[in-house]
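**Student:** prediction below, plus the sequence it came from.
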Amino acid sequence: MHDTDCSGSCSRLIDPPLHFLLQKSLTFAPEASEDVLPLDLGELLAYFVKQSVPLFDQLGIKRDVCDKLVESLCSKRKDHPAYSFLSATESSSLKNDNVGNELDLRIASALQSTGHHYEGGFWSDGHKSDISGKRHVAIVTTASLPWMTGTAVNPLFRAAYLAKSCKQDVTLVVPWLCKSDQELVYPNSMTFSSPEEQEKYMRNWLEERVGFKTDFKISFYPGKFQKERRSIIPAGDTSQFIPSKEADIAILEEPEHLNWYHHGKRWTDKFNHVIGVVHTNYLEYIKREKNGAIQAFFVKHINNLVARAYCHKILRLSGATQDLPKSTICNVHGVNPKFLEVGERIAAERESGQQSFSKGAYFLGKMVWAKGYRELIDLFAKHNSDLEGFKLDIYGNGEDSHEVQSAARKLNLNLNFHKGRDHADDSLHGYKVFINPSISDVLCTATAEALAMGKFVVCADHPSNDFFRSFPNCLTYKTSEDFVARVKEAMARDPQPLTPEQRYNLSWDAATQRFMEHSELDKVLNGDSNSECGGSVGTETGKSAGTMMRRSASAPNMSDVVDGGLAFVHYCFTGSELLRLSTGAVPGTRDYNKQHSLDLRLPPPQVQNPVYGW
């Protein structure tokens, strides 16, 4: 629960430094420094607009509108002697900076002239873990093996490769399902009687593929399976399952999903640095449902809210995802090393003159319409005559299996359906071409795996495939006619062997390096004060050290106030069972249930969340 104190007058909602500056500026206090002129009303309004950008962004007002307003308000003072507080060196370094940076420095200088020192944000409790000694990384995700989904597999590999360096301790935090839910989710009716049994399965599966002994901790939080959305929803406050002494750095795999109904400690209050990794194009899936456009509108704004409120940095795997605040686009996923080994073996066979590809084309994916099956059937139906004699083998299981196969038979399409298989299965190595028409994926793991095995990939010209364009065996199409041409091209020639650089770019070693750089985790782990850790701005060395020190020490940040306010509103909203149910939450997921407490050896629900009679 947030340790915020909501008592006191409403004047506390105004940052004390801004209130103090306003008083100083309007009264022209004689004690203010003679070297720095008082702020005028235009500068105060410009600063208020600039600091309110996060709020305007949440309301849908574009950032460039705010920037133009700030520039307009500051234009009258830009050449005023008031800006002489900058040293010659600093002025030179700011020639190419925007008006916003100059305004920040102007405000910081005026604040310093009053003798005020900024003490921190309104909403933050400031109580975070001591980061002395070895750092700790907690990776929290929304699924676990044996469910073969992206958020179960990729965070598992991420934990292994982050722990491999031994520079930091790593804990992977995954959902624990009660046996009744396990039977619905895990393949072949597989179930586990204890978390230890499931952990053993996960480690054996992982170590068989990475080829080294893994050295990270696995922890479980209570989860409940939602049949309608085919997803696992956390039950209770997930953050409480990371001990406070280990609450240093958090990586939230699917931060939107983890926080839609999160009712508990704010991640950025408990952890020093919080990174979100966006896996899923939720808006694309939702738009395909009944009243999808309306649902997508609300989900878009909720995703914006949780991104702002709970993360310091967001990584989007591709441009196919929603454009979230604080986000950067980078593929931080690699492929199972086994697929690279298959590719190397096939390249060696081809070099010795052997025939490696004895089969034609295939598609592999969960058999639900949204996974590309609608696009696939439409393409083949439109060009059935153009693709005469071409057969496509399809491997997959899913809720829409019967409908997909019935549609293909009705249209007399040359599609052969098979039960789903692991992509690493020996029976799939002989195919030369992988076809993936999906435009709902964010970054298709199967596409990366096919490229790693040295196959051709025919896929749509779509942001989700941008990372794969640099590979010569990736053939993209824009129109249905292009699709036919790319299929015929792939069937007519052999794919090129991967170069060492291309193999490395597909590996988890490369993905981990990209993750360290783009999430700024390398800077955080190395104690680089330039990184934004906990939302504060550190100092810099060199020419701008004095400038940044003044700004961080003196200038209030309304972005933190807005983010904290959004988190507080979200906390209040998710505390109501009625509101939770009205937005599609699983009943009873605000807190964990009795079965969870037995399985995970937790205090009984009535002890964890007592109900008092007053």
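**Tutor:** Structure received.
**Student:** any regions of the chain where pLDDT drops low?
**Tutor:** By pLDDT under 70, the weakly predicted segments of the chain are 1-39, 48, 50-63, 75-132, 528-558, 606-614.
**Student:** so in it, which strand runs the longest?
**Tutor:** The residue-count maximum for a strand in the chain (DSSP state E) belongs to strand 217-226.
**Student:** sheet partners, orientation included, of that one?
**Tutor:** strand 169-176 (parallel), strand 231-234 (antiparallel) (DSSP bridges).
**Student:** and for Phe380, nearest residue in space, chain neighbours not counted?
**Tutor:** Ranked by CB to CB, 6 or more residues apart in numbering and with sequence neighbours excluded, the top spatial neighbour of Phe380 is Leu413, at 4.7 Å. (C-beta placed from N, C-alpha, C; glycine too.)
**Student:** the one you found belongs to a strand?
**Tutor:** No. Secondary structure of Leu413 (DSSP: H, G, I helix; E, B strand; the rest coil): coil, not part of a strand.
**Student:** how close does it sit to Leu428?
**Tutor:** Going from Leu413 to Leu428 by CB to CB, to the nearest Å gives 21 Å.
**Student:** so the two - more neighbours on which side?
**Tutor:** Leu428 (21 against 18; other CB atoms under 10 Å).
**Student:** now the closest residue to Phe456 other than its chain neighbours: phi and psi?
**Tutor:** Once flanking residues are discounted, Phe456 sits nearest to Ala490: 4.1 Å by CB to CB, 6+ apart. Main-chain torsions, Ala490, degrees, to the nearest 10: phi -70, psi -40.
**Student:** list the contacts of Ala490.
**Tutor:** Counting by CB atoms under 8 Å, 6 or more residues apart in numbering, Ala490 makes contact with Ala361, Lys432, Val433, Phe456, Val458, Leu475.
**Student:** out of the strands paired with strand 217-226, nearest to Lys523?
**Tutor:** Among those, the nearest to Lys523 by CB to CB is strand 169-176 (17.9 Å).
**Student:** strands of the chain, residue ranges please.
**Tutor:** Under DSSP E, the chain gives strands at 136-140, 169-176, 217-226, 231-234, 249-253, 273-278, 313-316, 327-329, 359-364, 392-395, 415-418, 431-436, 456-460, 474-477.
**Student:** can you list those strands in a markdown table and add distance to Lys594 and mean neighbour count?
**Tutor:** Shown next, in a markdown table, are those (distance: least, CB to CB, whole Å; neighbours: other CB atoms under 10 Å):
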| stretch | distance to Lys594 | mean neighbour count |
| --- | --- | --- |
| strand 136-140 | 24 | 25 |
| strand 169-176 | 14 | 24 |
| strand 217-226 | 11 | 21 |
| strand 231-234 | 17 | 23 |
| strand 249-253 | 27 | 28 |
| strand 273-278 | 31 | 26 |
| strand 313-316 | 36 | 24 |
| strand 327-329 | 39 | 16 |
| strand 359-364 | 40 | 20 |
| strand 392-395 | 40 | 20 |
| strand 415-418 | 42 | 15 |
| strand 431-436 | 44 | 23 |
| strand 456-460 | 47 | 25 |
| strand 474-477 | 51 | 19 |
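**Student:** go ahead and confirm Ile394 touches Asn416.
**Tutor:** Yes. Counting by CB atoms under 8 Å, Ile394 does reach Asn416; the two are 6.7 Å apart.
**Student:** show me which helix runs longest in this structure.
**Tutor:** Counting residues, the longest helix found in the chain (DSSP state H) is helix 292-310.
**Student:** ok, now how distant is Asn397 from Asp378?
**Tutor:** As judged by CB to CB, Asn397 and Asp378 stand 22 Å apart.
**Student:** nope, Ala490 is what I was after
**Tutor:** From Ala490 to Asp378 the distance is 20 Å (CB to CB).
**Student:** what does Val442 give?
**Tutor:** Taken as CB to CB, the span from Val442 to Asp378 is 22 Å.
**Student:** likewise Tyr47?
**Tutor:** Tyr47 sits 53 Å away from Asp378, going by CB to CB.
**Student:** can you name the residues that contact the closest residue to Asn416 other than its chain neighbours?
**Tutor:** Leaving aside its sequence neighbours, Asn416 sits nearest to Asp393 (CB to CB, 6+ apart; 5.0 Å). By CB under 8 Å, 6+ apart, the contact list for Asp393 reads Lys359, Gly360, Ala361, Tyr362, Phe363, Asn416, His418, Tyr431.
**Student:** shouldn't the first one be in contact with His429?
**Tutor:** To tie it back to what came earlier, the one meant is Lys359. No. Counting by CB under 8 Å, Lys359 stays clear of His429, with 9.0 Å between them.
**Student:** and this structure, what are its domains?
**Tutor:** Listed by the TED database, the domain ranges of the chain are 135-334+559-600, 337-506.
**Student:** most tightly surrounded among those domains?
**Tutor:** Counting by mean count of other CB atoms under 10 Å, domain 135-334+559-600 has the highest mean neighbour count of the domains of the chain, with a mean of 19.
**Student:** quick one: residues contacting Val277.
**Tutor:** Listed by CB under 8 Å, 6+ apart, the contact set of Val277 reads Ile251, Leu252, Glu253, Glu254, Pro255, Ile314, Leu315, Leu317, Val332.
**Student:** now with 10 Å, please.
**Tutor:** For Val277, the contacting residues are 139, 141, 151, 154-155, 158, 251-255, 311, 313-317, 330, 332-333, 515, 519, by CB atoms under 10 Å, 6 or more residues apart in numbering.
**Student:** please apply the same query to Val404.
**Tutor:** When contacts are counted by CB under 10 Å, 6+ apart, Val404 touches 367-369, 371, 373-374, 376-377, 394, 396, 398, 415, 417.
**Student:** out of these, which are inside helices?
**Tutor:** Judged by DSSP H, those include Tyr373, Arg374, Leu376, Ile377 as members of helices.
**Student:** okay, Met198 and Gly319: tell me how far apart.
**Tutor:** Not quite, residue 198 is Gln, not Met. Counting by CB to CB, the separation of Gln198 from Gly319 is 35 Å.
**Student:** give the contact list for Ile302.
**Tutor:** By CB under 10 Å, 6+ apart, the neighbours of Ile302 are Glu256, Asn259, Trp260, Tyr282, His570, Phe573, Thr583.
**Student:** just the ones of these in helices?
**Tutor:** Checking the contacts of Ile302 against DSSP H, those in helices are Glu256, Asn259, Tyr282, His570, Phe573.
**Student:** I'd say the third one and Thr321 touch.
**Tutor:** Yes. When contacts are counted by CB atoms under 10 Å, Tyr282 is listed as touching Thr321 (8.4 Å).
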